[in-house]
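K.L.:
pasted the sequence and its predicted model underneath.
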Amino acid sequence: MRRARTDPNVVAWRASLGGGLVAAVAVWGLLEALRRQVVQIDEGVDAVWTAGKRLAQNTQTAHILTGTRDSGVELLHELERHLDTTGGPQP
């Protein structure tokens, strides 16, 4: 009768279990590295998204500045017209 330790089937079975364990640990390590990279990318995307939203908030009324400038120019022309008709500023 053979001993269980020297049986080729038992040795092959143990070797396949060991190989499977090594493969599982390697896959776990690669998935963990991938997860960490995804978290870093997600944080970067969140930072860019937040900066974009802040920029949009700061520039959403920039088009109004053109109207304000045009109104200021009209006001200046109106003031010059009034100064010309009154003979200049009064002290």
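P.N.:
Thanks, I have it.
K.L.:
got phi/psi on Thr61?
P.N.:
phi -110, psi 10 (degrees, to the nearest 10).
K.L.:
what's near enough to touch it?
P.N.:
By Cβ atoms under 8 Å, 6 or more residues apart in numbering, Thr61 lies in contact with nothing. Yep, even glycine has a C-beta here, placed from its N, CA and C like the rest.
K.L.:
give me that answer again for 10 Å
P.N.:
Thr68 (Cβ atoms under 10 Å, 6 or more residues apart in numbering).
K.L.:
pLDDT at Arg3, what is it?
P.N.:
On pLDDT, Arg3 comes in at 54.
K.L.:
same question, Val10
P.N.:
Val10 is given a pLDDT of 90.
K.L.:
and it, how far from Thr61?
P.N.:
78 Å (Cβ to Cβ, to the nearest Å).
K.L.:
in which helix or strand would I find the spatially most central residue of the chain?
P.N.:
Geometric centre of the chain, nearest residue: Val45, 1.8 Å, by Cα atoms, centre = their mean. Secondary structure assignment for Val45, by DSSP states H and E: helix 8-59.
K.L.:
where does pLDDT dip in the protein?
P.N.:
Counting by pLDDT under 70, the chain has low-confidence residues at 1-5, 88-91.
K.L.:
list the helices and strands the helix holding Val45 packs on?
P.N.:
Using 3 or more Cβ pairs under 10 Å, 6 or more residues apart in numbering; DSSP states H and E, no helix or strand is in contact with helix 8-59.
K.L.:
next structured bit after it?
P.N.:
Next in line after helix 8-59, if elements are assigned by DSSP H and E, sits helix 62-86.
K.L.:
domain ranges for this protein?
P.N.:
Under the assignment automatic domain parsing, the domains of the chain span 1-60, 63-91.
K.L.:
any idea how far the longest one is from the chain center?
P.N.:
The reference is to domain 1-60. Relative to the centre of its chain, domain 1-60 is centred 23 Å away, using Cα atoms, centre = their mean, to the nearest Å.
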